[in-house]
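[1] predicted coordinates and the sequence they were generated for:
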Amino acid sequence: MIRTTLAALMSYWRRNLLQLITLLAGIALATALWSGVQAVNAEARASYDAAAATLGEGRFDHLRAADGGSIDQETFVALRRAGWLVSPIVEGRINGVRVIGLDALTAPIGIAPVSLTEQADLGAFLSGGGQIFGRPDALAALEGTVEAELIADPNIAPQTLTTDLVFAQELLGREGEIDRLLIATVQPKQQATLAEIAPNLTRISAQSGSDIGRLTDSFHLNLTAFGFLSFAVGFFIVHSAIGLAFEQRRPMIRTIRALGVPLNILLALMMVELILFALIAGVAGVILGYFIASALLPDVAATLQGLYGANVSGTLAFRASWWATGLLIALGGTTIASVSAFLKLAKMPLLAGGQIRAHVMVAGRRAAVLAILAAACAVLAVILAATADGLVSGFALLASVLIGAALALPLILDQMLRASQSLSSGAKAQWFWADTRQQLPGLSLALMALLLAMAANVGVSTMVSSFRLTFVDFLDQRLASELYLTVEEDRAKEITGYLEPRVDAILPIVSAEAQIKGVETEVFGARVHSTQRDNWTFLDAMADPWDQVAGGAGILLNEQLARRTDTWPGAIVALGGQSFEVVGVYGDYGNPIGQAIVSEEVFAELYPEEIANNFGLRISVDQVDDLLSDLETQFGISSENVINQAEIKAFSLQVFERTFTVTAALNVLTLAVAGFAILMSLLTLAAMRVPQLAPVWAVGITRRSLGQLELLRALILAFFTILIAVPLGIVLAWVLLAVVNVAAFGWKLPLFLFPADYLQLAILSLLAAALAAFWPALKLTRLRPAELLKVFANER
Amino acid sequence: MLLRARDVSKTYSIADQTLQVLRGVDLDLAASETLALTGESGSGKSTLLHLVGGLDVPDAGSIEIEGTDIAGRSDAERAHLRRTDIGVVFQQFNLIPSLTVADNIAFQARLAGSADKEWIAYLGQTLGLEDQLSKYPEQLSGGQQQRVAIGRTLAVRPKLVLADEPTGNLDEASAQTVMDLFLKLVGETRAGLLLVTHSKSLASRLDRNVHLSVGVVS
Ligand SMILES: Nc1ncnc2c1ncn2[C@@H]1O[C@H](COP(=O)(O)OP(=O)(O)O)[C@@H](O)[C@H]1O
Ligand SMILES: [Mg+2]
């Protein structure tokens, strides 16, 4: 019985291949987009974490020889004796791979290979016989050239190997030499100063690693939101494919039950069937997602690296966990998408009859339920928009806006069509609008998919573009000086003296840690100059804020601090026993902690012991290169200690271009998915269309013009949907930038609108709809008269 | 007695209206006996047939097949009965559109686990379907489709065959051929037959006639 029933169920798919393909492709695409985005995210994050862990550069200050040479063993020992918690690092390259030697006993936690702490074969690691940790591709570069145990460890940064210090020194032929000393974050209280023990070393600050992490997180969060939306689009396809298949199989299910197959067995078999499909399509989806991700990854990797300085592996490893999560998503999505179809089937009476009226009533009630649900979502969204202050409520807001809009779409479209109908005249036009309204239920899921895809694209484009504008502005403001120079404190006077006549202005950058209103804050002393007046933009400020800062009574706060302490221009804050008036609040993207700016003079009063060793230099661009080489020859200041802002800006812009490539690729993909949904809906509707169109054809509308009307209908429905999607997408972006981002990271990204982009997206969507409608319309114009006449011959 | 129904009643309710269709029906059918059930449209013939076939349960009364009451049995037990002992031919042909004619004919027998190849081949031949076996139902005429449905029902060699206006959708000529074949084959299986029909002439060809009106059989 089970085999026969299963064969009958499967025979349906054999005869309706198109539906099967829709279903499988829907699941596969949804899974692919989701797992692709997740993979990009996960890979970037893993590489970033690994890099941070391996190099420790993001998180730890370190010491370097001032002359750029190596540090000897004695200096290290002297520092340790004096109570400095430092750990030696040696670096070099073998066969192009970066080899890092570290001292497992003194390294700060999280620096050494993870396996070292977990599998704890410290002896082997230290013995000098050597264990080398790295990713398989990096290890391969060493294969056969060294006598050591090569241990694959995906947690190591790309193209990097770690091993014991002494062994690395041997490998690199640099016995006894140390390149850097990592300084543990927590140090004992009484320390002899660096100048006393090791005057030849300079301290280099951590590359504000946590800021980078935060900014990266923001990018990831937005990508995740996007992946979720893509999944929702795919889910709509799956839902509609399952719904349609179940609807069409109803008579067959009835017959099979009438012939003696119990309902629960039938339901169980159909579930097995769906699970099978979900698994097959899920596997295809994960593989597809892998290709999407690896196609996107070179760009994403470059994007992240450029934007945030994170080093991301440009290649993708196939991780077991992706299979698991990808298949889980496919199964979960299919289950959710099929629940209502199964419930309907379970409640379906064995015997038809007297049902039609009830069916119509149910449909009417369903529309009412949809309207109520949509309204409830709208109310929830309004409430959340006013109150949301956390990540969860931010995402709840996002979900309620999207679900509400999707549910309301058929109702809104119906109203629009009704209005068009009442405005139209002529029998053909009247019929066209009425017929379009009749098609709406069959197409509404595909249109919802289009709505979500389009809204997601508008939302993400808006978000990324706003991100870019803001960031470029921010770079202009923060990197206003042409050069940034880091020198040793005791040489600062000498060097600035040398620079004074050669540059337009020297802007010292000096900071100290303080508390403002109980929040950890980095206070900066600024030499007020036209540089700031010209380049800084404020989120909120009083008149001439820089003059007020220069006057000594004003203080500027970053947005994070202002939000956290709810302190805005006009408020008074206390700092070091003095009070200051807040005269401006500025955006400080990516910084997790509070920041405040006072004038150079006030700062010197408050923190006399802090001496500037970072300087911004204003200089005309054509003199940059000369100055750089003079600094090198005069003071031995290597390029490592000078930042050329033009290079950074150019690089950042280039990075944003890459981000756009990724976004554009994802946009095209989601629109393709939505177009696919429309195509499949139209194709499945096409069969049911024949009886509806035959009478119209019979009274004298040619097949050709029927075909044209079909195409027109798809375009009109897509156009109406786009009209709704654009504002929805903007709302979406607003939620992401102004609610979710604030909740997640404490700063708000300003929202900019990009009408030209929206227009382009709209045209793309219309194109997708037209492409999707073309084939079914063509089929209609080619329909043989005999097919149409059959409708009248046997009234089915 | 193959079928013995006593005091069967059935009420439908749609929305807030109730409609009592059967009000105490008694009906007997001996093994191999053929019985015609007539009655006006809407009198409840199909309803009665469905109850007898275990497709639905009566509100009150008993329906015994070979001495056991099916009214009180579980869904699964009734489903088993439908698979193996009772064959139903509906007015709409109720074929499975995605299976070939051959697979449709063998379908119920396979479900019941009692597919007899020779018998099925014989049925296909007798019903004049040899040339249609690899076609799909939509490629057949109405008369041919109903012959497939008849073949499917008889392929299990049921003890009781129920037919609900099996030729109601066919033109007169094909109705005639289909009915001739049907009665001939039912006779060969020695099954009991309960046939719902409008046609007096058809009814007269069966062993016995009963008439359903205002919810009771006379
Ligand atoms: N599933 C059902 N739900 C509600 N009413 C039904 C149902 N099936 C049949 N009826 C009603 O019961 C009455 C008898 O129907 P039926 O048994 O099909 O009559 P017949 O087959 O004699 O024409 C009709 O009025 C019909 O509308
Ligand atoms: Mg009837």
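    Nice, I can see it. Numbering: from 1, shown residues only, chains lettered A, B, ... in the order given. Ligands and ions are numbered 1, 2, ... in the order given.
[2] buried sites along stretch B:46-59?
    Within stretch B:46-59, the residues scored as buried using 16 or more other C-beta atoms under 10 Å in any protein chain shown are B:Ser46, B:Thr47, B:Leu48, B:Leu49, B:His50, B:Leu51, B:Val52, B:Gly53, B:Gly54, B:Leu55, B:Pro58. Where C-beta positions appear, they are placed from N, C-alpha and C, glycine not excepted.
[3] how about these in TSV, adding distance to A:Ala330 and pLDDT?
    Shown next, in TSV, are the buried residues of stretch B:46-59 (distance: C-beta to C-beta, whole Å; pLDDT from 0 to 100):
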residue	distance to A:Ala330	pLDDT
B:Ser46	44	88
B:Thr47	45	89
B:Leu48	48	92
B:Leu49	45	91
B:His50	41	87
B:Leu51	44	90
B:Val52	46	92
B:Gly53	41	88
B:Gly54	40	86
B:Leu55	37	83
B:Pro58	46	90
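[4] my guess is A:Ser579 contacts A:Gly554, does it?
    No. Contact criterion C-beta atoms under 8 Å: A:Ser579 and A:Gly554 do not qualify, at 11.2 Å.
[5] neighbour count winner among the two?
    The neighbour count for A:Ser579 versus A:Gly554, taken as other C-beta atoms under 10 Å in any protein chain shown, is higher for A:Gly554 (25 against 10).
[6] distance of the more buried one relative to ligand 1?
    To ligand 1, A:Gly554 is 82 Å away according to C-beta to the nearest ligand atom, to the nearest Å.
[7] returning to that earlier point: can I get the buried residues of stretch B:46-59 in TSV with secondary structure and distance to ligand 1?
    TSV is the format used below for the buried residues of stretch B:46-59 (DSSP: H, G, I helix; E, B strand; the rest coil; distance: C-beta to the nearest ligand atom, whole Å):
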residue	secondary structure	distance to ligand 1
B:Ser46	helix	3
B:Thr47	helix	3
B:Leu48	helix	7
B:Leu49	helix	8
B:His50	helix	8
B:Leu51	helix	10
B:Val52	helix	12
B:Gly53	coil	12
B:Gly54	coil	16
B:Leu55	coil	11
B:Pro58	coil	13
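[8] and for the host helix or strand of A:Val166, what are the contacting residues?
    Secondary structure assignment for A:Val166, by DSSP states H and E: helix A:165-172. Residues outside helix A:165-172 that contact it (C-beta atoms under 8 Å, 6 or more residues apart in numbering or on different chains) are A:88-90, A:92, A:94, A:99-103, A:128-130, A:146, A:148, A:163, A:175-178.
[9] now, of those, which are buried?
    Among the contacts of helix A:165-172, those classed as buried by neighbour count (16+ other C-beta under 10 Å) are A:88-90, A:92, A:94, A:99-103, A:130, A:146, A:148, A:163, A:177-178.
[10] from those, which has minimum pLDDT?
    Within the buried ones among the contacts of helix A:165-172, A:Gly130 has the lowest pLDDT, namely 72.
[11] residue contacts, the residue nearest to that one when sequence neighbours are not counted?
    Leaving out its chain neighbours, the residue that sits closest to A:Gly130 by C-beta to C-beta, 6 or more residues apart in numbering or on different chains is A:Ala148, at 3.5 Å. By C-beta under 8 Å, 6+ apart, A:Ala148 lies in contact with A:Gly129, A:Gly130, A:Gln131, A:Ile132, A:Leu142, A:Thr163, A:Phe167.
[12] do you know the pLDDT at the closest residue to the third one other than its chain neighbours?
    Same thing as A:Gln131. Nearest non-adjacent residue to A:Gln131, counting by C-beta to C-beta, 6+ apart: A:Glu149, 4.7 Å away. If you check A:Glu149, the pLDDT there is 80.
[13] can you show me the strands along chain B?
    Taking DSSP state E as the criterion, chain B contains strands spanning B:3-14, B:17-29, B:34-39, B:60-65, B:68-69, B:86-89, B:160-164, B:192-196, B:208-213, B:216-217.
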